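Enquirer: quick one: sequence and predicted model below, then my questions.
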Amino acid sequence: MILILDPEGCCVAFLNIIPHCAPDECSYDMIRKKEDAPNGSVIRSSLSWWNTPRAKDLKFINMGMTPMAGAGNPIIRQSSFTVGL
C-alpha cells in the first residue's frame, strides 16, 4: 500500500497494490483521497506505484478497469503494456 501523509502523519490519500495478479505483472485495486487532500496527492501515489514494476523486475502494468472509464466510447484500449527499462 502506498500512503500519502500530511505533516501530522494522517493519511490523506492511498493506493493499494495487488500483490499477486499474473506472472510478470503489477496491479493496483484502488486510489482514494480525502476531500481536503493536497493537490497532486493522487498523482504522487500513482507515480510512486510506477516504481514497483522496475523494483520487482516485472514487465507489465495492469491498470484494471481504468480503460473502461469511458465505456460509452467505442474505442477499447489495451490495459497492460511493456515497461521500458
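Expert: All right, it came through fine. It should be emphasised that the depicted structure is a prediction, and the values quoted were computed from it without experimental measurement.
Enquirer: low-confidence ranges in this protein?
Expert: Residue ranges of the chain with pLDDT under 70: 20, 64-85.
Enquirer: all helices for it, in order.
Expert: 41-55 (DSSP state H).
Enquirer: spatially central residue for it, please.
Expert: By CA atoms, centre = their mean, the chain has its centre lying nearest to residue 46, at 4.7 Å.
Enquirer: that one against residue 31, yeah?
Expert: Yes. Using CB atoms under 8 Å, residue 46 is in contact with residue 31, at 6.7 Å. Yep, even glycine has a C-beta here, placed from its N, CA and C like the rest.
Enquirer: got the contact list for the nearest residue to residue 5 once chain neighbours are set aside?
Expert: Leaving aside its sequence neighbours, residue 5 sits nearest to residue 11 (CB to CB, 6 or more residues apart in numbering; 5.9 Å). With contacts taken as CB atoms under 8 Å, 6 or more residues apart in numbering, residue 11 has the following neighbours: 3-5, 34.
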